[in-house]
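Novice: just the structure for this:
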Amino acid sequence: MPLDKSIHFMSPQALKPNEEVIPERVEWLQQKVLHEQLWRVPITVDRLSGSIMDGHHRHLVACRLGLAKVPCILLDYDEVEFISTHPSRALTPKCVIEHAQAGQRLPAKSTRHQFVRPLPNCNISLKLLIDNSYQLDYHALRI
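Specialist: Predicted coordinates:
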């Protein structure tokens, strides 16, 4: 099945994190985004549950910056290779989604998601993501 590379713009509050983050990484990324005034990499999200697959640090940066929307790629778990890196238990996609839905967080970097093809960069101006008056077409951006 070909990977859908459409960018969807979603409210950060609609996304469901399932892993803790590394504070130093969040701080570094936030400074990078502010300096460049660009959002470069979309967050990958499970299409059905809204659970974040890849991008927990980016998600927290979006929340900290008060972004109205953030670029996302919506995928199904059958489109990615899921790898559990949890130190003491073998995780499954179902387990990760259950944690997200319950508002529970696994340790940082407990999972990895490998994609069939590299995901696109998006290079979207931060101004477009902060100001909710800009109406971006949620399905218009195909990379």
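
Novice: point out where the chain drops to low pLDDT.
Specialist: Applying pLDDT under 70 to the chain flags the ranges 1-5, 132-143.

Novice: quick one, helices of it?
Specialist: 23-36, 56-64, 93-102, 126-130 (DSSP state H).

Novice: now do the buried residues in stretch 113-126.
Specialist: For stretch 113-126, burial by neighbour count (16 or more other Cβ atoms under 10 Å) applies to 113, 119-120, 122, 124. In short, each C-beta sits where N, CA and C put it, glycine included.

Novice: residue furthest from the geometric center of the chain?
Specialist: Ranked by distance from the centre of the chain (Cα atoms, centre = their mean), the top residue is S88, with 24.6 Å.

Novice: now that one: how far from S110?
Specialist: As defined by Cβ to Cβ, to the nearest Å, S88 lies at a distance of 10 Å from S110.

Novice: returning to that earlier point: so which of the helices of the chain is nearest K16?
Specialist: helix 93-102 (3.8 Å; Cβ to Cβ).

Novice: buried residues in the closest one?
Specialist: 93, 95-97, 99-100.

Novice: what is the nearest of the residues you listed to V80?
Specialist: For the buried residues of helix 93-102, the nearest to V80 is P93 (8.6 Å; Cβ to Cβ).

Novice: how many neighbours does the closest residue to that closest one other than its chain neighbours have?
Specialist: Distances taken as Cβ to Cβ, 6 or more residues apart in numbering place Y77 nearest to P93, at 4.2 Å, with adjacent residues excluded. Counted with other Cβ atoms under 10 Å, the burial measure for Y77 works out to 19 neighbours.

Novice: any chance of the buried residues of helix 93-102 in CSV, with distance to R47 too?
Specialist: As requested, those are exported to CSV (distance: Cβ to Cβ, whole Å):
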residue, distance to R47
P93, 12
C95, 18
V96, 14
I97, 11
H99, 17
A100, 13
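
Novice: and which of those residues is nearest to I43?
Specialist: Using Cβ to Cβ, these come closest to I43 at A100, 13.0 Å.

Novice: you'd agree that closest one is up against G50?
Specialist: Yes: the pair A100 and G50 passes the contact test of Cβ atoms under 8 Å, sitting 7.4 Å apart.

Novice: fine, thanks again, bye for now.
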